[in-house]
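K.L.:
Compute the structure for the input listed below.
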Amino acid sequence: MQVGSSPRGGPVRFAIAAVFRAATALLVHPAAATLAAQESPPAAVPDSAPPRFGWVLDMSVDFGGEAVAELLFANGDRQPLTTGDGFSFSGGLEWYPRTLPRLALRSLVGWKLSTSAAENAEIWFTRVPVELAALYALDRHWRVGAGAVFHLRPTLDLDGVAPNQSFDPATGLLLELAWRPLALTYTRMDYRRSDGATFGANAVAFSYSFVLHRQ
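P.N.:
The predicted structure is shown next:
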């Protein structure tokens with residue numbers, strides 16, 4: 001009877017080969033994945049730069065100035081009509097330089113008006129304010145600003161109670177301190193009436209601004 005014999009070291013050799021194949025798979029596959037990750041293009045990074053333009057709506061209530069006329073009512077009450085008092089509604093643009101992210105340049109044009117408590121007369125003091133200002137953000141909430149403001153066609157319509165009054169276009173200085181959409185502004189300005197009389201039109205205003213950003 002012939003007895004066959006296994007090759008010397010056969011089981012051991014098979015075990016070593018299996019271990020070698022497993023180690024090769026563990027080493028090659030991560031390396032291939034790493035290489036693929038290195039060769040794949042990076043994900044696109046969205047542009048986080050702020051928009052270059054923003055639409056602005058501004059509303060304010062103004063106090064100050066000198067009286068150019070005074071109304072006397074039947075009950076003895078008096079109401080002065082001043083150059084600084086009134087409500088303002090404006091709209092315009094803000095421009096944000098990408099290289100100066102804290103800076104904004106603003107231009108507004110609007111309508112400023114004040115009226116009287118008279119029931120038998122429609123008395124209006126109107127003007128068209130135009131504002132050009134530079135604003136600087138101190139942080140995410142506070143900003144300061146300065147610029148020029150122009151009042152076009154200041155007109156006091158007294159509705160026949162007295163002669164109407166007209167004033168020359170006026171130029172003034174604007175200073176602003178703002179927290180979020182709320183701002184406190186100071187305007188330094190003089191009005192010159194058509195007869196040559198001059199009146200101070202300095203005013204303090206509390207305003208609310210709404211900015212809608214656009215690229």
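K.L.:
low-confidence ranges in this protein?
P.N.:
Counting by pLDDT under 70, the chain contains low-confidence ranges at 1-51, 214-215.
K.L.:
the helices in it, which residues?
P.N.:
With helices called from DSSP state H, the chain shows them at 10-39.
K.L.:
For the nearest residue to residue 102 once chain neighbours are set aside, name its beta-bridge partners.
P.N.:
Across the structure, with C-beta to C-beta, 6 or more residues apart in numbering as the measure, the residue nearest residue 102 apart from its sequence neighbours is residue 137 (4.5 Å). Just so you know, the C-beta spots here come from the backbone N, C-alpha and C atoms, and that holds for glycine as well. Listed by DSSP bridges, the beta-bridge partners for residue 137 are residue 143.
K.L.:
And residue 137, how close does it get to residue 181?
P.N.:
Relative to residue 181, residue 137 is positioned 13 Å away (C-beta to C-beta, to the nearest Å).
K.L.:
tell me the phi and psi of residue 123?
P.N.:
Taking degrees, to the nearest 10, you get phi -110, psi 130 for the backbone angles of residue 123.
K.L.:
Tell me, how many residues neighbour it?
P.N.:
Residues lying near residue 123 (other C-beta atoms under 10 Å) number 21.
K.L.:
you'd agree it is up against residue 71?
P.N.:
Yes. Judged on C-beta atoms under 8 Å, residue 123 makes contact with residue 71 at a distance of 7.3 Å.
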